[in-house]
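K.L.:
attaching a predicted model along with its sequence, questions to come.
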Amino acid sequence: MGEYTTEGFVVLKGSKGRVENVASIQGTSNVQTRESLVNDGVMAPQDGLYVFTRNHLFPSPSQAAMALMGRSANGWVEWKAANGKTLDELKRQAVAVVG
């Protein structure tokens, strides 16, 4: 669960993600980012998942998706609304149509 803002992407309290990191991000700053979120109490392990304990602002939808998925991710296509439309379809393409 999240919300796109002019400042970045907010992952909402209660959002759940995987605990394990995929092998391809081992030794990268993505692992350090996830570790910092756990150490700072933003994400906490619960029932085999990480759960966000509070809302957290990320600089981009992709970094927010990576934090939840434990892998590199294109947040513009990973984040979807209840109707199935991607963040790209809702924000980027809407701007292109209006512009």
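P.N.:
Looks like it came in fine.
K.L.:
let's see the longest helix along the chain as PDB, backbone CA atoms only.
P.N.:
Looking across the chain with DSSP state H, the single longest helix is helix 29-39. Output in PDB follows, covering the C-alpha atoms of helix 29-39 (Å, rounded to 0.1, in the frame of the first residue of the first chain):
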ATOM      1  CA  SER A  29      23.100  -0.400  -1.400                       C
ATOM      2  CA  ASN A  30      19.700  -1.900  -1.600                       C
ATOM      3  CA  VAL A  31      20.500  -4.400   1.100                       C
ATOM      4  CA  GLN A  32      21.900  -1.500   3.300                       C
ATOM      5  CA  THR A  33      18.700   0.400   2.700                       C
ATOM      6  CA  ARG A  34      16.500  -2.500   3.900                       C
ATOM      7  CA  GLU A  35      18.800  -3.100   6.900                       C
ATOM      8  CA  SER A  36      18.500   0.600   7.800                       C
ATOM      9  CA  LEU A  37      14.700   0.400   7.700                       C
ATOM     10  CA  VAL A  38      14.800  -2.500  10.000                       C
ATOM     11  CA  ASN A  39      17.300  -1.000  12.400                       C
END
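K.L.:
any stretches of this structure with poor pLDDT?
P.N.:
Scanning the chain for pLDDT under 70 picks out the ranges 92-99.
K.L.:
hey, where'd the strands end up in it?
P.N.:
2-5, 8-11, 16-18, 43-46, 49-52, 56-58 (DSSP state E).
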